[in-house]
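In: with the input below, show me the fold.
(2 chains)
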Amino acid sequence: MNNRKPYLQEQSANWWTENSFYKRYMLRELTSVFALVYALILLWGLYALSGGESSFISWLRIMASPGMVIVHVIGLISTLFHTVTWFELTPKIFYVYLNETKLADSKVAASQYGLFAIVTLIILALAVVWLNGG
Amino acid sequence: MAQLPKKLPISETRLFGMNDKKQEDSGEGNVSGAMTGKTMQVRVKRYRPEQDKEPWMQDFEVPYSADTSVLDAVQYIKENLDPSLSFRWSCRMAICGSCGYMINGVPKLACETFLREYETLEIGPLANFPIERDLVSNISGFIDKLETIKPYIIREAEKPVSEGEYNQTPAQLAKYRQFSQCINCGLCYAACPQFGRNPEFLGPAALALAHRYNKDSRDEGTSTRMPFLNSDEGVWSCTFVGYCSEVCPKHVDPAAAINQGKLASTIDYGLNLVGLAKTKSSVTKGRESKNE
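Out: As a prediction, the model looks like this:
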């Protein structure tokens, strides 16, 4: 007689609360939402700009409101967190071989931070030039 | 029994079942030999298909010492407290991959996990797999997946033996060696929430194995494995949680293999789009890129 009766283990809805690794993963996924929100805000600004000077100035005024400043701060923090998590994962995808030896994960990660710093400085420099009426 | 030497290595005291006196001499102990007086409450998930509707927890008081592994503990339970407890094990040294259980909610090999690291212990069968009985998971679906992805070297044409072996440089070996260290323990499947959601997902070990052969300079079968990687159950079901790599006892890093597979799948898609990948030359191309 066959007594086999395998019990199927269902994944619970709160599986991601079971350990800190899963929680960090969910936080990584959640923070991408704020990047989307910020992209939508920029699109809204672009739309306001197309409507002429007065509509753009009123958009700028909305952006300067305390609520919007808070949204921007949350957006910046979550996007930075999101970026750091992906910088951590990139060395798993890019196996770089130099002289037949694999480049250390830490070096691949460091190169991203280096590039990130350079791009940030260039953008800041351009912004300074632009603000000074260059 | 012949006279034993006064001090034996722990492994030998276990084999001979030393008495209390000898145990004091060696200064250490284990559950099947003498005890040091410390005990731990161990909760074990039980499921007996002939009488249970669903799993339930059973408590045991298990004596332990510094070198008592979780596998030792379940063996102690079976030998001394409840002989009906079922579990898989074999090598006792993290080679065979048989004794993977959920230990305090984390997939681990019981033979290399020690009671001294815990205050209390809860042991269950691997998550995401059907429970066959007690700590025994049904992993046959996982084994089928391993076979699906053609885990062997495929050549366009075998060369005659007289032409000798297929040589490989250390650099060519280094490109896949890490991914060939899998012992099929299934911990990565228990760690993968995507496999938990969708049991059809090929999963970490099978996709890492596919990557291992795709990266092998002797192999020319990449194009025959790509349909599995490209499918809904392939690499794109992975959302890079990365916990599979975290729990892997052999540091295979299946998350790396799968996500490198996404890169390969994207390139394959591009080649198909411009009509290059379906020709025979794609096999040769795969080989050339591997030999670079």
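In: from here on, just use CA atoms for contacts and neighbour counts.
Out: Noted.
In: show me where the chain has helices.
Out: Using chain A. Using DSSP state H, the helices of chain A run over A:20-50, A:53-63, A:66-93, A:105-131.
In: hm, I was asking about chain B
Out: Going by DSSP H, chain B shows helices at B:10-16, B:20-26, B:70-76, B:140-148, B:170-174, B:187-191, B:193-197, B:203-214, B:222-230, B:243-247, B:254-273, B:281-291.
In: for the fourth one, give the mean pLDDT please.
Out: Taken as a whole, helix B:140-148 carries a mean pLDDT of 96.
In: hmm, that helix touching chain A?
Out: No. Helix B:140-148 lies out of reach of chain A by C-alpha under 8 Å from any C-alpha of the partner chain, never closer than 11.8 Å.
In: mind checking how far that helix is from the chain centre?
Out: Offset of helix B:140-148 from its chain centre (C-alpha atoms, centre = their mean, to the nearest Å): 13 Å.
In: would you mark the buried spots in that helix?
Out: For helix B:140-148, the buried set under the neighbour-count rule, 16 or more other C-alpha atoms under 10 Å in any protein chain shown, comprises B:142, B:145-146.
In: what's the angle from it to helix B:222-230?
Out: Counting by axes from the mean of the first three to the mean of the last three C-alpha atoms, to 10 degrees, helix B:140-148 points 150 degrees away from the direction of helix B:222-230.
In: quick one, helix B:140-148 and helix B:203-214 angle?
Out: Using the same axes, to 10 degrees, the direction of helix B:140-148 lies 20 degrees away from that of helix B:203-214.
In: now for helix B:140-148, which elements pack on it?
Out: Judged by 3 or more C-alpha pairs under 8 Å, 6 or more residues apart in numbering or on different chains; DSSP states H and E, the packing partners of helix B:140-148 are helix B:203-214.
In: report the distance from the helix it packs on to the chain centre.
Out: 13 Å.
In: same check on stretch B:98-115?
Out: Distance of stretch B:98-115 from its chain centroid, counting by C-alpha atoms, centre = their mean, is 11 Å.
In: how about residues contacting that stretch?
Out: With contacts defined as C-alpha atoms under 8 Å, 6 or more residues apart in numbering or on different chains, stretch B:98-115 is touched by A:18, B:64-72, B:87-90, B:92-94, B:97, B:121-127, B:135, B:185-188, B:190-191, B:247, B:249.
In: give me the below-cutoff pLDDT ranges for chain A.
Out: A:1, A:134 (pLDDT under 70).
In: got the residues of it near chain B?
Out: A:3-11, A:15, A:18, A:21-22, A:25, A:92-94, A:100-101.
In: and if we set it to 10 Å?
Out: By C-alpha under 10 Å from any C-alpha of the partner chain, the residues of chain A that approach chain B are A:2-12, A:15-16, A:18-19, A:21-22, A:24-26, A:28-29, A:86, A:89-95, A:97, A:99-102.
In: taking the residues you listed, please make a ChimeraX selection of just the buried ones.
Out: Buried members of these, defined by 16+ other C-alpha under 10 Å, are picked up in ChimeraX with:
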select /A:6,7,9,11,16,22,25,28,89,90,91,92,93,94,95
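In: so for residue B:55, which of the helices of chain A sits nearest?
Out: Among the helices of chain A, helix A:20-50 comes nearest to residue B:55, with 24.4 Å by C-alpha to C-alpha.
In: what comes up buried for the closest one?
Out: Quick answer for helix A:20-50 (16+ other C-alpha under 10 Å): A:22, A:25, A:28, A:31-32, A:34-35, A:38, A:41, A:45, A:48-49.
In: any idea of the angle it forms with helix A:66-93?
Out: Comparing the axes of helix A:20-50 and helix A:66-93 via the same axes, to 10 degrees yields an angle of 130 degrees.
In: now for helix A:20-50, which elements pack on it?
Out: Applying 3 or more C-alpha pairs under 10 Å, 6 or more residues apart in numbering or on different chains; DSSP states H and E, one finds that helix A:20-50 contacts helix A:53-63, helix A:66-93, helix B:243-247.
In: repeat that for 7 Å
Out: helix A:53-63, helix A:66-93 (3 or more C-alpha pairs under 7 Å, 6 or more residues apart in numbering or on different chains; DSSP states H and E).
In: who touches the shortest one?
Out: Spelled out, it's helix A:53-63. Residues from elsewhere that reach helix A:53-63 (C-alpha atoms under 7 Å, 6 or more residues apart in numbering or on different chains): A:45, A:48-49, A:69.
In: apply 10 Å and report the result again.
Out: The contact list for helix A:53-63 (C-alpha atoms under 10 Å, 6 or more residues apart in numbering or on different chains) reads A:41, A:44-50, A:64, A:68-69, A:71-72.
In: using PDB, write out every CA atom in that helix.
Out: Coordinates of the C-alpha atoms in helix A:53-63 are reproduced here as PDB (Å, rounded to 0.1, in the frame of the first residue of the first chain):
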ATOM      1  CA  GLU A  53       6.700  81.200 -17.500                       C
ATOM      2  CA  SER A  54       3.800  81.600 -15.100                       C
ATOM      3  CA  SER A  55       3.000  77.900 -15.000                       C
ATOM      4  CA  PHE A  56       6.700  77.000 -14.400                       C
ATOM      5  CA  ILE A  57       7.000  79.600 -11.600                       C
ATOM      6  CA  SER A  58       3.900  78.200  -9.900                       C
ATOM      7  CA  TRP A  59       5.500  74.600 -10.200                       C
ATOM      8  CA  LEU A  60       8.700  76.000  -8.600                       C
ATOM      9  CA  ARG A  61       6.600  77.500  -5.800                       C
ATOM     10  CA  ILE A  62       5.000  74.100  -5.200                       C
ATOM     11  CA  MET A  63       8.400  72.500  -5.100                       C
END
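In: so which of the helices of chain A gets nearest residue B:44?
Out: Of all those, helix A:20-50 sits nearest to residue B:44, with 23.2 Å by C-alpha to C-alpha.
In: how far is the closest one from where the chain is centred?
Out: For helix A:20-50, the separation from the chain centroid amounts to 7 Å (computed by C-alpha atoms, centre = their mean).
In: ditto for stretch B:94-104
Out: 7 Å.
In: ok, residue 86 - contacts?
Out: Looking at chain A here, since you left the chain open. Residues near residue A:86 by C-alpha under 10 Å, 6+ apart: A:28, A:109, B:240.
In: was after chain B, sorry
Out: Contacts for residue B:86 (C-alpha under 10 Å, 6+ apart) come out as B:46-48, B:74-75, B:78, B:132-136.
In: hmm, 6 Å instead?
Out: Applying C-alpha atoms under 6 Å, 6 or more residues apart in numbering or on different chains, we find residue B:86 in contact with residue B:134.
In: ditto for the one 3 residues further on
Out: For residue B:89, the contacting residues are B:98-99, taking C-alpha under 6 Å, 6+ apart as the criterion.
In: now do residue B:122
Out: Counting by C-alpha under 6 Å, 6+ apart, residue B:122 touches B:42-44, B:103-104.
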